[in-house]
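Participant: Give the three-dimensional model of this entry:
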Amino acid sequence: MQTVIKQFRANIRQYGMLIALLLIMLLFQILTGGILLKPLNVINLILQNSYILVLAIGMVLVIISGHIDLSVGSVAAFVGAVAAFMMVELNVPLAAAVVLSLLMGALIGAWQGFWVAYVRVPSFIVTLAGMLMFRGLTMLVLKGQSVGPFPEAFRALSSGFIPDFSGGGGLHLLSLLIGALLSALLIAIGWRKRLSDIRYNFEVPPRGYFIAQMVILAAALMLFVYVLASYEGIPNILIVLLVLIFAYTFITNRTVIGRHIYAMGGNEKAAMLSGVKTKRVSFWVFVNMGTLAALSGLIFAARLNAATPKAGVNFELDAIAACFIGGASMSGGVGTVVGAVIGGLVMGVMNNGMSILGVGIDWQQAIKGLVLLLAVAFDIYNRNKSS
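Facilitator: This next block holds a predicted model:
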């Protein structure tokens, strides 16, 4: 039992936000009379928050490394505008347009990363300039007007669903199969990590607690997939999100570059003296952020079926808030990809629930600001307590 308590205290921020997410969902499920978790609304939750979650995955790496990026909303809007111009005006093939758009995002990230890493201009200033510059370029590309519609195949990125090859009615059987496979994978990864911790004499929770934890996680996942399967199945964008979450969780936890990002954010001078090429790490963190901002812009444009001059407004604030609510520290060196996703879901569920209840946008903004303030205050309290 003491081991369980120690692990909970060591990860109190992440566990706390997961518990908070579940409580918020339960609260709005009751207040909305069961509308929140209806299949159609769950699908809407995923589609409405997908582009913010993509940004949060990239932003958490930026914050862990000790930087900030205020330009991601404008970059997303600019890339979406350029993609619309290529596909709608120039009839560039879909695959080529998507690849070129992602490359453009990477180049934008490289441009900003160069100023931050090698010229040593603070990231706040560089990305603030980028926010203004790329918002202006978006207006120039679109000439103040919306451009669309997009090809059907491109719209499927944000609004399509995986096909059910079984052809059965009612439940989407392929989605249930994917859910079962993901549950098995989740249990296998957890069991492998437990065996690895035992091998290296790390403290692990009792076997009964571990089994209960795995059963609850697998049951929650299957329940979630069942809700999706009772509508049209798993959305395409959810597959994209899962791939990104697994990939970036692996990078941050299991690779050298991931350790270097944490080391640099914790203490840049110490990391440099330890052999970490901090300039290169900073540069590639911004390249990655630019690429994910481009992907977010494509997803948002596909959802609207048009590129608009006002696209991406406040995206950067939502992404940053998701990271801090999910456990990232303003001082750098602390944060997780899963935590950022949980933080994004907290914001998304609150937005959706308050909208269903008819709460005005003014009160929604005020409540979101209060939640962000409390989350950062909780982080400062924990750091002061541990020191």
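
Participant: switch to C-alpha atoms for all contacts and neighbour counts from now on
Facilitator: Will do.

Participant: What helix or strand is the most centrally placed residue in the chain located in?
Facilitator: Nearest residue to the geometric centre of the chain (Cα atoms, centre = their mean): Leu53, 2.7 Å. Using DSSP states H and E, Leu53 maps to helix 39-64.

Participant: In that helix, which residues are buried?
Facilitator: By neighbour count on 16 or more other Cα atoms under 10 Å, the buried set for helix 39-64 is 39, 42-43, 45-64.

Participant: circling back: the residue nearest to the centre of the chain touches Gly339, doesn't it?
Facilitator: No: counting by Cα atoms under 8 Å, Gly339 is not a contact partner of Leu53; they are 10.9 Å apart.

Participant: pLDDT on the host helix or strand of Ile367, on average?
Facilitator: Counting by DSSP H and E, the element that carries Ile367 is helix 361-386. The average pLDDT within helix 361-386 is 79.

Participant: Leaving out the residues flanking it, which one is nearest to Gly113?
Facilitator: Nearest residue to Gly113, sequence neighbours excluded (Cα to Cα, 6 or more residues apart in numbering): Phe283, at 4.4 Å.

Participant: and the one you found, helix, strand or coil?
Facilitator: Secondary structure state of Phe283, per DSSP: H, G, I helix; E, B strand; the rest coil, is helix.

Participant: Can you give me the neighbour number for it?
Facilitator: Phe283: 20 surrounding residues under other Cα atoms under 10 Å.

Participant: so where's this protein shaky on pLDDT?
Facilitator: Applying pLDDT under 70 to the chain flags the ranges 1-15, 166-169, 379, 382-383, 385-387.

Participant: cutoff 80 now
Facilitator: Along the chain, the parts satisfying pLDDT under 80 run over 1-18, 164-170, 375-376, 378-387.

Participant: buried sites along stretch 232-241?
Facilitator: Across stretch 232-241, burial judged by 16+ other Cα under 10 Å covers Glu232, Gly233, Ile234, Pro235, Asn236, Ile237, Leu238, Leu241.

Participant: make that stretch 327-347, sorry
Facilitator: 327-330, 332-347.

Participant: next one: it to chain centre, how far?
Facilitator: A distance of 9 Å separates the centroid of the chain from that of stretch 327-347, by Cα atoms, centre = their mean, to the nearest Å.

Participant: residue contacts, the residue nearest to Gly113?
Facilitator: Neighbouring residues of Phe283 by Cα atoms under 8 Å, 6 or more residues apart in numbering: Ala110, Gly113, Phe114, Val116, Ala117.

Participant: The first one touches Thr291, doesn't it?
Facilitator: Just to be clear, that refers to Ala110. No: here Ala110 lies out of contact with Thr291, judged by Cα under 8 Å, at a distance of 9.7 Å.

Participant: Give me the more crowded residue out of the two.
Facilitator: More neighbours surround Thr291 than the other of Ala110 and Thr291, with 27 against 23 (other Cα under 10 Å).

Participant: Where does the more buried one fall, secondary structure wise?
Facilitator: helix 278-304.

Participant: between that helix and helix 39-64, how many degrees?
Facilitator: Interaxial angle of helix 278-304 relative to helix 39-64 (axes from the mean of the first three to the mean of the last three Cα atoms, to 10 degrees): 160 degrees.

Participant: follow-up on the earlier one: closest to Ile24 out of the contacts of Phe283?
Facilitator: Gly113 (37.4 Å; Cα to Cα).

Participant: show me the contacts for the closest one.
Facilitator: Per Cα under 8 Å, 6+ apart, neighbours of Gly113: Ser282, Phe283, Trp284, Val285, Phe286, Val287.

Participant: Mind checking which of the buried residues of stretch 232-241 are in helices?
Facilitator: Assigned to helices by DSSP state H, the following of these qualify: Asn236, Ile237, Leu238, Leu241.

Participant: on that earlier part again, can you give me the buried ones in the helix holding Ile367?
Facilitator: Using 16+ other Cα under 10 Å as the test for burial, helix 361-386 gives Gln364, Lys368, Val371, Leu372, Ala375, Val376, Asp379.

Participant: got it, and stretch 258-275?
Facilitator: Within stretch 258-275, the residues scored as buried using 16+ other Cα under 10 Å are Gly258, Arg259, His260, Ile261, Tyr262, Ala263, Met264, Gly265, Gly266, Glu268, Ala271.

Participant: Just the residues you listed: which are in strands?
Facilitator: Assigned to strands by DSSP state E, none of these qualify.
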